[in-house]
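> need coordinates for the following:
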Amino acid sequence: MPATQPTASLLLGFPADPLVLVCDRDAAARRELETLCARMKVRTVALESAGQLLQQVKVEAPDLAVIATDHGEVDGIEVCTQLKASAATNLIAVLLVGRGNETDDRRTAFAAGTDGWFPRPVQAEEFLARCWSLLRTRGLVHTLEERRRTYRLRQEFSRFLVHDLRGPLTGALLGIDLARMKLQDGDSRDEVATSLDDIAFGLKRLTDMVQDLLDVDRIDRGKFKVQRDRFSLAALLADVKRTFQAPSRERAAPLWLEGPTDVELDADRDLVERVLGNLVFNALHHGPQGQPVILDVAVEAKLVRIAVTNRGEPLPTADRQRIFEPFVRLSEKFRTAGAGLGLAFCKVAVEAHGGTIFVEDYAGGGTSFVFTIPTEGLRPPAPPTKPAGSPPSPAGSGRGGPSRGAGRRRLAPAGAPRRPPRGVAAVRRRRRGRQRPCRSRRCPGGRPPSGRTAAAPR
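Numbering: from 1, shown residues only. So this is what the prediction gives:
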């Protein structure tokens, strides 16, 4: 390979961590192919039999497979045919290496779907150039598939978003009509207040969903910031409990607070409140009616651990990481309310504070969404305050003593002439204000020629 050949990590369109499988039953030939692939600085796995290669493909799909055609009972052409016939492996690039340059062998290899065929002995530069080209194509295919997947997810997200935004808005409009009817019928103030609580909750939910959408956009643009401030956790939990009075009453699912809440956090209060709001809303939505939603607080070393638990069916283990990805919506049974952004926002907001969020089983049956927030934010320490009654520091002091230049600058007595300013700029200003006669013989009358100003002698 030429010395100017770029490494895999610098080549545009290259897979992030390419894997190359080399399969040849001849040990010397296998080492030769492995050495050539190692020159590309990619992960290379050498295998002896076609059965090992097919097993390795099931464990981790490679980006490129280099297979010898003469494998005895299962040759490379048959392995290539199997890989290209399966929808799960047909995008794997396959190079076949044979012992001759016969036309029939090449025709059979390309009929099997191979991406290249090389006779022995292998020409190193041609072989490596072909490998680079195939790996680059594989990376571009990966990128294209990812963009297609993102496009499909965003289309689904748009449909879900319209549906989910319409729900709270419709509920708020119905609540307004109901409150108007109660006022006309002369119902009690408590009944009207209940309808107003329902309206307020629907509008609050609508606002949070729009804000989640805006925050995810800020995350994509790298403009998501945390505004830290000290606040009481007990007051925050009381506000969350008050916000969810209406849905809690509707589902007969009271909110229980457990653990110590007399803690002060140095965090973004609005973000933490929205994280709790998303988790409580999902717990009420998926929990059974008549069962409480538990907010359990535990204080650990410089950390507050908050768990939101319902008694619903546990979330499958395979979905416990996926559920925090943007635009991900699980099966209808475990689908979160919203367009798939609420839990993604929770993960970003918690990690921006230096905490973690995860899912675990509840000991009494059910699922707990747990997140942690440090009790102290990452702020620079405040300068030490001087105790009362301590003597003042001397002028020009830095750390309790005189600085290097202390005492050098003194005030001039009253009436003394002002000292001219120093520095290059001051000197240039003084020179521009002077008109010294030019001593050149070409200047009659001692004046500078054609508007030039003679510089003052240094």
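> next, Glu360: phi, psi?
The phi/psi pair for Glu360 (degrees, to the nearest 10) reads phi -140, psi 160.
> the chain should start at 861 in everything you say after this.
Fine by me, first position is 861 from now on; the one you just mentioned is Glu1220.
> what's opposite it in the beta bridge?
Beta bridges link Glu1220 to Ser1228 when assigned by DSSP bridges.
> what residues are up against it?
Going by C-beta atoms under 8 Å, 6 or more residues apart in numbering, Glu1220 touches Ala1167, Thr1227, Ser1228, Val1230. In this view, the C-beta of every residue, glycine as well, is placed from N, C-alpha and C.
> wait, the last one touches Ile1166, no?
Yes - look at Val1230 against Ile1166 with C-beta atoms under 8 Å: they come within range, at 7.2 Å.
> of the two, who's got more company?
Between Val1230 and Ile1166, counting by other C-beta atoms under 10 Å, Ile1166 is the more crowded of the two (25 against 17).
> tell me which element that one is part of?
According to DSSP states H and E, Ile1166 maps onto strand 1163-1170.
> show me the shaky parts of the stretch 1111-1260 of the chain.
For the stretch 1111-1260 of the chain, applying pLDDT under 70 flags the ranges 1186-1201, 1236-1260.
> where along it do the strands fall?
Per DSSP state E, counting those that start in this stretch, the stretch 1111-1260 of the chain carries strands over the ranges 1115-1118, 1124-1127, 1153-1160, 1163-1170, 1217-1221, 1227-1234.
> hang on, the earlier thing: would you list the contacts of Glu1220 in TSV and tack on distance to Asp975?
Output for the contacts of Glu1220, formatted as TSV (distance: C-beta to C-beta, whole Å):
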residue	distance to Asp975
Ala1167	52
Thr1227	47
Ser1228	50
Val1230	48
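> thinking again about what came up before, looking at the strands of the stretch 1111-1260 of the chain, which is nearest to Met1041?
Proximity to Met1041 (C-beta to C-beta) singles out strand 1115-1118 among the strands of the stretch 1111-1260 of the chain, at 29.3 Å.
> mind giving me the packing neighbours of the closest one?
Using 3 or more C-beta pairs under 8 Å, 6 or more residues apart in numbering; DSSP states H and E, the elements in contact with strand 1115-1118 are helix 1093-1103, strand 1153-1160.
> mind checking the SS state of the closest residue in space to Arg1065 that isn't next to it in sequence?
Counting by C-beta to C-beta, 6 or more residues apart in numbering, Arg1065 lies nearest to Pro1028, which is 4.5 Å off, once chain neighbours are set aside. Following DSSP: H, G, I helix; E, B strand; the rest coil, the label given to Pro1028 is helix.
> circling back: quick one: closest of the strands of the stretch 1111-1260 of the chain to Ala984.
Relative to Ala984, the nearest member of the strands of the stretch 1111-1260 of the chain by C-beta to C-beta is strand 1217-1221, separated by 49.4 Å.
> what residues of that closest one count as buried?
Ile1217, Val1219 (16 or more other C-beta atoms under 10 Å).
> and for stretch 897-904?
Neighbour-count burial for stretch 897-904, with 16+ other C-beta under 10 Å as criterion, is recorded at Cys897, Met900, Val902, Arg903, Thr904.
> list just the nearest of the residues you listed to Gln1071.
Using C-beta to C-beta, the buried residues of stretch 897-904 come closest to Gln1071 at Arg903, 42.8 Å.
> tell me the contacts of that closest one?
If you count contacts by C-beta under 8 Å, 6+ apart, Arg903 has them with Asp877, Pro878, Leu879, Val880.
> what residues go with each domain of the protein?
868-1003, 1010-1080, 1089-1234 (automatic domain parsing).
> thinking again about what came up before, would you turn the contacts of Arg903 into JSON lines with neighbour count, distance to Glu1220 and secondary structure?
As requested, the contacts of Arg903 are exported to JSON lines (neighbours: other C-beta atoms under 10 Å; distance: C-beta to C-beta, whole Å; DSSP: H, G, I helix; E, B strand; the rest coil):
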{"residue": "Asp877", "neighbour count": "10", "distance to Glu1220": "31", "secondary structure": "coil"}
{"residue": "Pro878", "neighbour count": "24", "distance to Glu1220": "36", "secondary structure": "coil"}
{"residue": "Leu879", "neighbour count": "18", "distance to Glu1220": "33", "secondary structure": "strand"}
{"residue": "Val880", "neighbour count": "25", "distance to Glu1220": "39", "secondary structure": "strand"}
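> need these in CSV (columns: distance to Gly1214 and pLDDT).
Shown next, in CSV, are the contacts of Arg903 (distance: C-beta to C-beta, whole Å; pLDDT from 0 to 100):
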residue, distance to Gly1214, pLDDT
Asp877, 28, 81
Pro878, 34, 87
Leu879, 34, 90
Val880, 39, 92
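> closest to Gly999 among those residues?
Gly999 has its nearest neighbour among those in Pro878, at 7.6 Å by C-beta to C-beta.
> any idea how far Gly1031 is from that closest one?
Using C-beta to C-beta, to the nearest Å, one obtains 52 Å as the distance from Pro878 to Gly1031.
> Trp992 now?
Distance from Trp992 to Gly1031, counting by C-beta to C-beta: 58 Å.
> show me the helices in the stretch 911-1060 of the chain, by range?
For the stretch 911-1060 of the chain, the helices defined by DSSP state H, counting those that start in this stretch occupy 936-945, 963-971, 984-1045, 1049-1080.
> much appreciated, bye for now.
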